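Enquirer: quick one: sequence plus predicted model below, questions after.
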Amino acid sequence: MIRWISAVIGAGIVAVLGWSLLWTIVGVAGDSSAKTWTGAPASAEHYVHAQRPLLNAELPSEGLFGKYDLRQLQRGFQVYKEVCAACHSIRLVAFRDLKQLGYDDGQVKAIAQGWQIEQPSVNPDTGEVATRKNLPSDHFPLVFANDVAARAANNNAVPPDLSLMTKARHEGPDYVYSLVGHGYVNQPADLLAKFPDAKTPKGLHYNQYFANLNIAMPPPLTQDGQVQYLDGTKPTVDQMAKDVAAFLTWTAEPNLDTRHGAGFAVLGFLLVFCFLAYGAYQNVWRNMKH
Ligand code: HEC
């Protein structure tokens with residue numbers, strides 16, 4: 001009886017595993033986002049998917065053993081602060097989180113105090129709406145009060161919050177790197193010849209990595225040396241794009257280092273546990289005839 005019950009349970013488990021394997025295969029095979037864009041015809045031919053061998057940010061955080069390079073994260077933060085923060089918020093990050101990048105308490109406090117946009121607050125005496133300086137415990141403030149204000153300032157487009165951007169796009173870090181570092185090119189002549197209506201409308205900018213090819217964001221990184229790095233790294237457009245992509249990878253996953261470390265610790269533990277289990281098995285069956 002017991003035998004039959006366990007056989008049925010076993011068959012059930014195998015069926016569930018087989019079913020999920022089947023759907024994984026179907027899902028991977030049908031992942032159209034991994035191929036090319038299938039939107040408007042002009043985009044279909046000229047959109048370049050930020051795919052690995054094509055353009056690769058080569059961040060040290062990639063791969064199984066990947067770890068953040070703190071100096072690179074600090075440089076990326078500097079690019080974010082001096083360039084992107086004019087339009088984009090990172091509202092899920094708190095100033096004190098910057099300690100993970102190697103800044104000490106004093107530096108974090110100074111960054112918070114000196115941040116251009118202040119925190120909204122209410123004057124406790126009068127009830128009047130006011131602002132106050134940022135504290136290390138505050139999250140980075142929003143750049144615009146709401147979407148209406150954001151649209152008004154950006155040609156009717158809302159600059160999205162960047163905290164999770166590298167998770168929200170396929171090949172996120174490479175995408176950000178390619179989009180701001182190598183995406184703004186002249187509109188190819190053969191595209192215009194073939195699709196005369198596809199001319200980039202006024203106020204938008206042609207970007208070969210943006211899905212519909214015309215982005216409302218003006219090129220943010222326009223020349224080498226736009227940011228002065230303190231660690232002697234040469235601030236080329238490529239380097240700044242790479243560094244800001246690294247920084248936005250961190251904002252989306254600040255605990256990547258711990259996660260990678262924990263994986264190997266668990267594997268090590270399981271390995272030791274295997275030997276222990278084998279030893280116990282030998283011990284228990286020691287006096288039995290096989
Ligand atoms: C002048 C304002 C401005 C600046 C400065 C700016 N952006 Fe943007 N950004 C925008 C706007 C507006 C959009 C929305 C574009 C759209 O939807 O067409 C956008 C969109 C984006 C997107 C999302 C694209 C997508 O796939 O939806 C990313 C990523 C991005 N910006 C990264 C950056 C980075 C990194 C920097 C700094 C190096 C930066 N931006 C600086 C205005 C700006």
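Expert: Great, that's in hand. This is a predicted model, so every value here is computed, not measured.
Enquirer: tell me the domain ranges of this structure?
Expert: Split into domains by automatic domain parsing, the chain comes to 41-93+139-254, 255-290.
Enquirer: out of those domains, the one nearest the ligand is which?
Expert: Ranking the domains of the chain by proximity to the ligand (Cβ to the nearest ligand atom) places domain 41-93+139-254 first, at 2.9 Å. C-beta here means a position set from N, CA and C on the backbone, and glycine is covered the same way.
Enquirer: follow-up on the earlier one: quick one, which of the domains of the chain is packed in tightest?
Expert: Of all the domains of the chain, domain 41-93+139-254 carries the top mean neighbour count, a mean of 17, counting by mean count of other Cβ atoms under 10 Å.
Enquirer: roughly how far is it from the heart of the chain?
Expert: With Cα atoms, centre = their mean, to the nearest Å as the basis, domain 41-93+139-254 stands 11 Å off its chain's centre.
Enquirer: same check on stretch 2-21?
Expert: In terms of Cα atoms, centre = their mean, the centre of stretch 2-21 is found 39 Å from the chain centre.
Enquirer: still on that earlier bit, mean pLDDT added to the domains of the chain, as TSV?
Expert: Below are these laid out as TSV (pLDDT from 0 to 100):
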stretch	mean pLDDT
domain 41-93+139-254	91
domain 255-290	92
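Enquirer: tabulate those in CSV, adding columns for distance to the ligand.
Expert: Converted to CSV, the domains of the chain look like this (distance: least, Cβ to the nearest ligand atom, whole Å):
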stretch, distance to the ligand
domain 41-93+139-254, 3
domain 255-290, 19
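Enquirer: would you map the helices across the stretch 151-290 of the chain?
Expert: Ranges of helices in the stretch 151-290 of the chain, per DSSP state H, counting those that start in this stretch, are 165-168, 172-182, 189-194, 237-252, 256-284.
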